[in-house]
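*Asks:* Could you look at this predicted model? Sequence included:
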Amino acid sequence: MTKFGEIISINKPVLIDFYADWSEFEPSLDTLRDVAAALGDKAKVIKIDIAKNEILAEALRVKGNPTFMIYKNGEMKWRQTGEQDANTLIGLVQQYV
């Protein structure tokens, strides 16, 4: 939880993908790579495994998979459960750059 607080407290947008290996709806790694490549150093893109981070997932009330969140300066700016394509995610993160 401490490390999560450090990650989301930076002065640029942080896109987080809460996922589970067992889910058939897991967005491909290519989608997140495309998002990270398009945003470069303007934002961070992070994947967090729900099963390995149960306490964090519970604290954030992550019920669906995948769940995406955008944080900036420690504040949640956007949250959505369900599949998202790379262009949508890129556009959403760019609003907070």
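*Replies:* Done, it's in. Here the structure is a predicted model, which is why all the values come from computation and not from measurement.
*Asks:* helix, strand or coil for the residue positioned nearest the centre of the chain?
*Replies:* Among the residues of the chain, the one closest to the centroid is residue 16, at 1.3 Å (CA atoms, centre = their mean). With DSSP: H, G, I helix; E, B strand; the rest coil as the basis, residue 16 sits in strand.
*Asks:* pretty sure it contacts residue 69?
*Replies:* Yes. Because the distance of 4.7 Å satisfies CB atoms under 8 Å, residue 16 is recorded as touching residue 69. C-beta here means a position set from N, CA and C on the backbone, and glycine is covered the same way.
*Asks:* follow-up on the earlier one: would you enumerate the residues in contact with the residue nearest to the centre of the chain?
*Replies:* 8, 46-48, 68-71 (CB atoms under 8 Å, 6 or more residues apart in numbering).
*Asks:* Out of those, which sit inside strands?
*Replies:* Of the positions in the contacts of residue 16, 46-48, 68-71 sit in strands, assigned by DSSP state E.
*Asks:* right, and out of these, which lies closest to residue 92?
*Replies:* Ranked by distance to residue 92 (CB to CB), the ones in strands among the contacts of residue 16 are led by residue 70 at 6.3 Å.
*Asks:* For the nearest residue to the closest one once chain neighbours are set aside, report the pLDDT, please.
*Replies:* Excluding its sequence neighbours, the residue lying closest to residue 70 (CB to CB, 6 or more residues apart in numbering) is residue 78, at 4.3 Å. We have a pLDDT of 98 for residue 78.
*Asks:* try the one 4 residues further on
*Replies:* In this prediction, residue 82 carries a pLDDT score of 89.
*Asks:* List the buried residues of the longest helix along the chain.
*Replies:* The longest helix of the chain (DSSP state H) is helix 29-39. Within helix 29-39, the residues that qualify as buried are 31-32, 34-36, 38-39, counting by 16 or more other CB atoms under 10 Å.
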